[in-house]
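Trainee: just a sequence and a predicted model for now, questions to come.
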There are 2 protein chains.
Amino acid sequence: MAADSLPFSPREYQRRLARVRAEMGARGLDALFLTDPSNMAWLTGYDGWSFYVHQGVILTMEGTPRWWGRRMDSFGALRTCYMEADCIHAYEDHFVQSEARHPMQDLARLLAGIGLQGARIGVEMENYYYSARAHAVLAAALPTARLVDATALVNWQRLVKSGEEIAFMRRAAAISDAVVTQAIALSEPGRRKNELVAEILRTAIRGVEGAWGDYPAIVPLTPSGADASAAHLTWNDAPMRSGEATFFELSGCYRRYHAPLCRTVFLGRPPPEMQAAAAAQMEGIAAGLEAARAGNRACDIANAFTSVLRAHGIAREGRCGYPVGLSYPPDWGERTVSIRAEDTTELAPGMVFHFMPALWMEGWGLETTETILIREDGPAEPLGTVPRELFVKG
Amino acid sequence: MAADSLPFSPREYQRRLARVRAEMGARGLDALFLTDPSNMAWLTGYDGWSFYVHQGVILTMEGTPRWWGRRMDSFGALRTCYMEADCIHAYEDHFVQSEARHPMQDLARLLAGIGLQGARIGVEMENYYYSARAHAVLAAALPTARLVDATALVNWQRLVKSGEEIAFMRRAAAISDAVVTQAIALSEPGRRKNELVAEILRTAIRGVEGAWGDYPAIVPLTPSGADASAAHLTWNDAPMRSGEATFFELSGCYRRYHAPLCRTVFLGRPPPEMQAAAAAQMEGIAAGLEAARAGNRACDIANAFTSVLRAHGIAREGRCGYPVGLSYPPDWGERTVSIRAEDTTELAPGMVFHFMPALWMEGWGLETTETILIREDGPAEPLGTVPRELFVKG
């Protein structure tokens, strides 16, 4: 494809390949077979809603990556990847959702054809798009190769963002700001939730000046009242009601890059225990940001937050953040670091996390989150600009 | 939860359980562990965007289904499933995306605790939400059980829709009609694609009279010109141009039920070969609808379509349809029947297919599709009402 349509510079893709190959070398891998659509896009530019059929990227220690997938999607690969046609490999449609054939049989032939029949090949054992059967069929069809688990090998290389990536995430954050601000403005008793979501999705896709909106990897989560005690319920047509809190957890998306953001709005007068929890939450977030410094560890952020909450009498468990960046459904997290007490990953400049110290309480929820950038010096920078508070509307 | 908030009647859920258990009995299964979110929802009512972490439904030959998943999502299960709290099982947050622990270790303990340590348990080997590692960990943690592949066992039971389900799909179809009609109306040279998508997504979520809009399992696919030769590219901010065809493949969604629809619009005067292909396509679709009758086979639809195309000198391969209904991302298809030459599944009243005989040609694409209901008598009924033609706008 035309280089000026690619999201990133050739040098950026070279940087990524070099990082991944260094890790492949350290693990003694001859090749990687990647099915995570985010890893595929990050390494090759490939972009399409085709991950519901089997596809992947094959990377050896030298040469150009190879795209492999369904014939009808190979045309999309030609239009979105930087590789030429000789590195785009297609399987025929009779392999799709067949009980008699499996696409991994075709992949095995391709891998053998490029000399990998005796190779040590990394596969992503823990991925939405590498099923248990896919693994079994590939292993049976390529019995002399050694398939080893390389889950998240590439994801870890994505953890520190380049300047080009951070520029994309700032645009995504500007969209998130606009969407959350609109969601709060539209919140009022009687407003049907699906009508509110319709307006904010429109804003998310229109985007803001200089940033058109791509589809986010998760739909807006907007539960109210007791539903907000559950983390992942989606909308229906029920009207918003006075006396209830609603949180808006969502992300703008610019060219597949995300910057999630969440704020909570209460219609009416919040009960004292919710106000107290909100104050504790905001104080805890500020403490977390202070701890989110290069050289500190991921657990330091979590511990700073939970110790403030504990001082306010709130016991809070579970992880409270994860890295974000390039993503496809069903998740905008990168599935590497977790901001929690047991994770000792050292923080480095250029890492970006969704710091999400939500409180899901008995009968209500209070969620206030930030996408934060680890800087060379000083505390982390929130990419969003929406005031950090429990919004209260008369 | 309150029974009046459930999408379906108790009798409908009983019907579904009975169908699945009959098939379990035929296969000699003691239990099923289901991870497909559509199967989970179809059997229990569970609805949440939580499928990006491990979760599932356990079904034995008697008694109530059990929901199993992450602690924070168990509150959503309590609010959306018909089961009581004693059938909602949660694992703790330290299992999530951990390199030291896997949720399947918790599941193995639960299965053993309910007496299934020596059971024959069906698992969905070919599913987005049952990873290769999940299977390996479960097998290792429950070594005395026999895990057998039960991919699509439940999906096949979903193939014939009930009256309650068809009523939902008619509402989804009404939304699809509104969205496609709006997309065509907004198509004009200079219209930025993301701005068009913003408007139609707004309409999709607002819904129509009597049907609020849920999120579709696939985002609108709206490629133009040469991009329309690729099946699954999503939008960007490029303006629509005179002299190009654009197709709009999308689905309204009502309470997770889909009715996909596609139409193509050409801005300007279409070239003669595209007009000829459109005429052949419409004639082929009409022939396919005639063949889509109870008692005929799935392949009869495909053969009727392709023979018309062949008579017009167009060679068309690949499948041209699949069943639709209740779905979650990343796919709105049910992954059972394929409308293609080799599929001899007998058509029965109540089956609903997305009949999608698209033409992806060199340099352009022409996609016109219908969601069709197999009736007791006569040809299939398209659920949508948008005129079936290549739309041409000055």
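Mentor: Right, received. Where do you want to start?

Trainee: what residues sit buried inside the helix or strand containing residue A:24?
Mentor: Element membership for residue A:24 (DSSP states H and E) is helix A:10-27. Buried residues in helix A:10-27, defined by neighbour count with 16 or more other Cβ atoms under 10 Å in any protein chain shown: A:12, A:13, A:16, A:17, A:19, A:20, A:21, A:23, A:24. Glycine gets a C-beta too; all of them are placed from N, C-alpha and C.

Trainee: swap in stretch A:253-269?
Mentor: Residues of stretch A:253-269 classed as buried: A:253-267 (neighbour count, 16+ other Cβ under 10 Å).

Trainee: can you pull out the helices in the stretch 151-300 of chain A?
Mentor: Under the criterion DSSP state H, counting those that start in this stretch, the stretch 151-300 of chain A contains helices at A:153-157, A:163-186, A:193-206, A:272-291, A:298-311.

Trainee: hang on, the earlier thing: run the chain-centre distance for the helix holding residue A:24.
Mentor: The chain centroid and the centroid of helix A:10-27 are separated by 21 Å under Cα atoms, centre = their mean, to the nearest Å.

Trainee: stretch A:252-261 now?
Mentor: When C-alpha coordinates are averaged (Cα atoms, centre = their mean), stretch A:252-261 and its chain have centres 9 Å apart.

Trainee: let's see it as PDB, backbone CA atoms only.
Mentor: Output of stretch A:252-261 as PDB, limited to C-alpha atoms (Å, rounded to 0.1, in the frame of the first residue of the first chain):
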ATOM      1  CA  GLY A 252     -12.100   7.500  22.200                       C
ATOM      2  CA  CYS A 253     -10.100   5.700  19.600                       C
ATOM      3  CA  TYR A 254      -7.800   7.100  17.000                       C
ATOM      4  CA  ARG A 255      -6.500   4.700  14.400                       C
ATOM      5  CA  ARG A 256      -6.900   1.800  16.900                       C
ATOM      6  CA  TYR A 257      -5.200   3.600  19.800                       C
ATOM      7  CA  HIS A 258      -7.200   4.100  23.000                       C
ATOM      8  CA  ALA A 259      -7.200   6.400  26.000                       C
ATOM      9  CA  PRO A 260     -10.000   5.200  28.300                       C
ATOM     10  CA  LEU A 261     -11.600   7.500  30.800                       C
END
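
Trainee: what does the stretch 1-150 of chain A put close to chain B?
Mentor: Residues of the stretch 1-150 of chain A found near chain B (Cβ under 8 Å from any Cβ of the partner chain) are A:47-52, A:71-73, A:75-76, A:78-80, A:92-94, A:96-98, A:100, A:123, A:125-136, A:149.

Trainee: show me these that map onto helices.
Mentor: Helix and strand membership here follows DSSP state H; of the residues of the stretch 1-150 of chain A next to chain B, those in helices are A:71-73, A:75-76, A:78-80, A:132-136.

Trainee: can you tell me which of the buried residues of stretch A:253-269 is closest to residue A:380?
Mentor: residue A:259 (13.1 Å; Cβ to Cβ).

Trainee: wait, that closest one sits on residue A:179?
Mentor: No - under the criterion of Cβ atoms under 8 Å, residue A:259 lies out of contact with residue A:179, with a separation of 10.8 Å.

Trainee: and for the two, which residues touch both?
Mentor: Common contact partners of residue A:259 and residue A:179 (Cβ atoms under 8 Å, 6 or more residues apart in numbering or on different chains): residue A:252.

Trainee: tell me, what's the model's pLDDT at residue A:85?
Mentor: Per-residue confidence for residue A:85 comes out at a pLDDT of 97.

Trainee: distance of it from residue B:231?
Mentor: 17 Å (Cβ to Cβ, to the nearest Å).

Trainee: need the helices of the stretch 151-300 of chain A in CSV (columns: distance to residue A:62).
Mentor: As requested, the helices of the stretch 151-300 of chain A are exported to CSV (distance: least, Cβ to Cβ, whole Å):
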stretch, distance to residue A:62
helix A:153-157, 17
helix A:163-186, 25
helix A:193-206, 40
helix A:272-291, 42
helix A:298-311, 34
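
Trainee: nearest to chain B, of the ones you listed?
Mentor: With Cβ to the nearest Cβ, the closest approach to chain B among those belongs to helix A:193-206: 3.8 Å.

Trainee: now what about stretch A:295-315, what contacts it?
Mentor: For stretch A:295-315, with Cβ under 8 Å, 6+ apart as the criterion, the contacting residues are A:276-277, A:279-281, A:283-285, A:287-288, A:290-292, A:316, A:319-321, A:337-347, A:353, A:355, A:357, A:359.

Trainee: single out the most deeply packed of the helices of the stretch 151-300 of chain A.
Mentor: Taking mean count of other Cβ atoms under 10 Å in any protein chain shown as the contact definition, the stretch among the helices of the stretch 151-300 of chain A with the greatest mean neighbour count is helix A:193-206, which reaches a mean of 23.

Trainee: before we move on, the earlier item: higher neighbour count, residue A:85 and residue B:231?
Mentor: residue B:231 (25 against 9; other Cβ atoms under 10 Å in any protein chain shown).

Trainee: so that one is in contact with residue A:53, correct?
Mentor: No - with contact defined as Cβ under 8 Å, residue B:231 does not reach residue A:53; the gap is 10.2 Å.

Trainee: any common contacting residues for these two?
Mentor: With Cβ under 8 Å, 6+ apart, residue B:231 and residue A:53 have common neighbours residue A:73.

Trainee: can you say which of the residues of the stretch 1-150 of chain A next to chain B are buried?
Mentor: With neighbours counted using 16+ other Cβ under 10 Å, these contain these buried positions: A:47-52, A:71-73, A:75-76, A:78-80, A:93-94, A:96-97, A:123, A:125-136.

Trainee: which residues sit against the lowest-mean-pLDDT helix or strand in chain A?
Mentor: Of all the helices and strands that make up chain A, the one with the lowest confidence by mean pLDDT, DSSP states H and E is strand A:359-361; it has a mean of 83. Counting by Cβ under 8 Å, 6+ apart, the neighbours of strand A:359-361 from elsewhere in the structure are A:228-231, A:277, A:281, A:314, A:316, A:365-367, B:72, B:75.

Trainee: and of those residues, the nearest to residue A:240?
Mentor: residue A:228 (11.5 Å).
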